[in-house]
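[1] Got a sequence here, can you build the structure:
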Amino acid sequence: MTAIDATGLNALEHLAAQLKASGRFLVICGVRDQPAKLLARASFHEHIGEANILPTLTAGVARAREILKSPAAAETSARDSDQPPHSRPASLQD
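    Sure thing, here's the model as predicted:
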């Protein structure tokens, strides 16, 4: 994606929460400049874990494989993302 707004961010947060509730994880990779800035400003890493936001597709696939192979890696993701779904700044909330 080349750009994202608050609606798109809300959709990603909702997706991350649904995946987490079902025991799965969201791994994001190759985020471009504008979306990366919005995700950082909104503390999106608190929803999916810092380890699940990667700079390249190769790194994202490696992270997904790590999660699939190691229950400990998955637990790290879960621990990193224990924030409530709307813990972002009020200025970014709907």
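
[2] For residue 5, see how far away residue 27 is.
    As judged by C-beta to C-beta, to the nearest Å, residue 27 and residue 5 stand 22 Å apart. (Glycine included, C-beta is placed from N, CA and C.)

[3] So between those two, which is more surrounded?
    residue 27 (20 against 11; other C-beta atoms under 10 Å).

[4] Look up phi and psi at that one.
    phi -120, psi 130 (degrees, to the nearest 10).

[5] got it, and residue 54?
    Torsion angles at residue 54 (phi, psi; degrees, to the nearest 10) stand at phi -120, psi 150.

[6] separation between the nearest residue to residue 53 once chain neighbours are set aside and residue 1?
    With C-beta to C-beta, 6 or more residues apart in numbering as the criterion, residue 53 has its nearest non-adjacent residue at 5.1 Å, and that residue is residue 28. Using C-beta to C-beta, residue 28 is found at 10 Å from residue 1.

[7] Which one's more surrounded, those two?
    residue 28 (19 against 11).

[8] just checking, that one touches residue 52?
    Yes. If you go by C-beta atoms under 8 Å, residue 28 and residue 52 touch, sitting 6.6 Å apart.

[9] which is the next helix or strand following the longest helix anywhere in the chain?
    Looking across the chain with DSSP state H, the single longest helix is helix 6-21. Using DSSP states H and E, the helix or strand that follows helix 6-21 in sequence is strand 28-29.

[10] That following strand pairs with which strands, and in what direction?
    strand 53-54 (parallel) (DSSP bridges).
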